[in-house]
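Engineer: coords please:
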Amino acid sequence: MNVQMIGPIVAASATVGGIIFQVGKQSEKMDFIGLKVEAQEKKQYYNNQTICEIHEAVSTLKNDVSYIRDEVHEIKQFMRK
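Structural biologist: Numbers count the residues shown, from 1 in each chain. Sure, this is the predicted structure:
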């Protein structure tokens, strides 16, 4: 690659970066109109939080079922005596 090839690549990169920056600025301005652009991180955080809550509930149910199984086993042993 020589200098003549690198120049257009740098210019194209700067132009694309400028366009992305301007789109971001415009999305912030449109927030007060009612059009809100939410970041992917917020959605991912919400999904992770929901998954953690579901995991917690399943773990609790798993422990409860384990205790019930143990108690049923004890009752069966008591009745066999």
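
Engineer: alpha carbons only for contacts and neighbour counts from here, please
Structural biologist: Fine.

Engineer: so in this protein, which helix runs the longest?
Structural biologist: Secondary structure of the chain read by DSSP state H shows that its longest helix is helix 40-80.

Engineer: what's the spacing between it and its chain's center?
Structural biologist: Relative to its parent chain, helix 40-80 has a centroid offset of 23 Å by Cα atoms, centre = their mean, to the nearest Å.

Engineer: pLDDT of that helix, averaged?
Structural biologist: Helix 40-80 carries an average pLDDT of 87.

Engineer: check which helix or strand V10 maps to.
Structural biologist: Using DSSP states H and E, V10 sits in helix 3-29.

Engineer: run a quick neighbour tally on Y46.
Structural biologist: By the measure other Cα atoms under 10 Å, the count of residues near Y46 is 12.

Engineer: so how far is F21 from it?
Structural biologist: Counting by Cα to Cα, to the nearest Å, the separation of Y46 from F21 is 26 Å.

Engineer: domain ranges for this structure?
Structural biologist: With automatic domain parsing as the criterion, the domains of the chain are listed as 1-37, 38-81.

Engineer: same question for the first one, mean pLDDT?
Structural biologist: So that's domain 1-37. What domain 1-37 shows for mean pLDDT is 72.

Engineer: where's V23 relative to G17, distance?
Structural biologist: Separation of V23 from G17 (Cα to Cα): 10 Å.

Engineer: sorry, slip of the keys, the one I care about is R69.
Structural biologist: Per Cα to Cα, R69 is found 61 Å from G17.

Engineer: circling back: list the helices and strands the longest helix of the chain packs on?
Structural biologist: Using 3 or more Cα pairs under 8 Å, 6 or more residues apart in numbering; DSSP states H and E, no helix or strand is in contact with helix 40-80.

Engineer: contacts only, for A14.
Structural biologist: By Cα atoms under 8 Å, 6 or more residues apart in numbering, the contact set of A14 is empty.

Engineer: try 10 Å this time
Structural biologist: The contact partners of A14, by Cα atoms under 10 Å, 6 or more residues apart in numbering, come to 8, 20.
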